[in-house]
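A.B. asks: pasting the sequence and the predicted model now:
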Amino acid sequence: MNRRHLSLSLFAVISFLIGSSFAPRAQAAEPTIDFVVATSQEAKAIQRAGEYAINRLARAMTNELRVALSKDKPEDVVPICHLKDLVKEGDTIKGLPRITAFKLTSLKVRSQANEPDAADQKALDAIEYALNSGDNVPNVLVQRIMSPDTPTEWRIYRPLGVATQCLVCHGDTADQTPELRAKLESFYPADQAVNYRDHEWRGLIRVSVADAETK
């Protein structure tokens, strides 16, 4: 038996013994991501729960920033902003029993934790398209994500604009003090979320809503 036949024979034996280790793995099915017009009672209830949560979270975020800036220098406010201390109760947000997750995301993120996933990206692209084409920008987007053997995930998105107080950290970098720039760069070395103008589109706030209302 020559070396080529020996090599092939050994490969066949090893493949037989190890079995599926050499077999290609089946790829998981891609989730179906759709935007939904809330016409059914279920979808309407989900949208209401999502919008209520977004309103509450946005107010909390704005108030947190306003109070912090009234007491401290901008560079001292950087570590405490953006709902970092939001309390969770089990799998939901405190006081919001149907909300299982929340996120701020953008086409220009400050932190890698805010990077959009595939579903977020579709929502961001939808808003950007509406802005660029001159269409009316929706006040809210309702999204349904369905995957095999996984409960349906409902997401509610709302566009966020840059409020005046946000420009302290998200505005023209030339207007920021060296101390603030140093603090931002230390916390967010890959920061893209700068040089915005007042009321410019910043990104999206989104919440995930449980499929069935908690009893």
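C.D. replies: Great, that's in hand.

A.B. asks: from here on, contacts and neighbour counts on C-alpha atoms
C.D. replies: Will do.

A.B. asks: burial of Gly50, as a residue count?
C.D. replies: 28 (other C-alpha atoms under 10 Å).

A.B. asks: tell me the helix or strand right after the helix ranked longest in the chain.
C.D. replies: Criterion DSSP state H: the longest helix present in the chain is helix 41-71. Downstream of helix 41-71, the next assigned helix or strand under DSSP states H and E is helix 74-77.

A.B. asks: rewinding a little: enumerate the positions of the longest helix of the chain that are buried.
C.D. replies: By 16 or more other C-alpha atoms under 10 Å, the buried positions in helix 41-71 come out as 43, 45-47, 49-51, 53-54, 57, 61-62, 64-65, 68-69.

A.B. asks: closest one to Met146 out of those, please.
C.D. replies: Ala43 (14.5 Å; C-alpha to C-alpha).

A.B. asks: returning to that earlier point: ok now the longest helix of the chain, how far from the chain's centre?
C.D. replies: Distance of helix 41-71 from its chain centroid, counting by C-alpha atoms, centre = their mean, to the nearest Å, is 15 Å.

A.B. asks: helices and strands around that helix, which ones?
C.D. replies: Judged by 3 or more C-alpha pairs under 8 Å, 6 or more residues apart in numbering; DSSP states H and E, helix 41-71 is in contact with helix 74-77, strand 99-105, strand 150-161, strand 201-209.

A.B. asks: hmm, who's touching the longest one?
C.D. replies: Okay, so that is strand 150-161. By C-alpha atoms under 8 Å, 6 or more residues apart in numbering, the residues outside strand 150-161 that reach it are 46-47, 50-51, 54, 123, 127, 139-146, 198-211.

A.B. asks: and it, what's buried?
C.D. replies: Neighbour count says strand 150-161 has 152-161 buried, by 16+ other C-alpha under 10 Å.

A.B. asks: CA atoms of whichever helix or strand comes after it as CSV?
C.D. replies: Per DSSP H and E, the first helix or strand lying C-terminal to strand 150-161 is helix 167-170. Coordinates of each C-alpha in helix 167-170 appear next as CSV, following Å, rounded to 0.1, in the frame of the first residue of the first chain:
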residue,chain,number,x,y,z
LEU,A,167,-24.9,69.0,23.3
VAL,A,168,-22.6,69.4,26.4
CYS,A,169,-21.2,65.9,25.7
HIS,A,170,-22.5,65.2,22.2
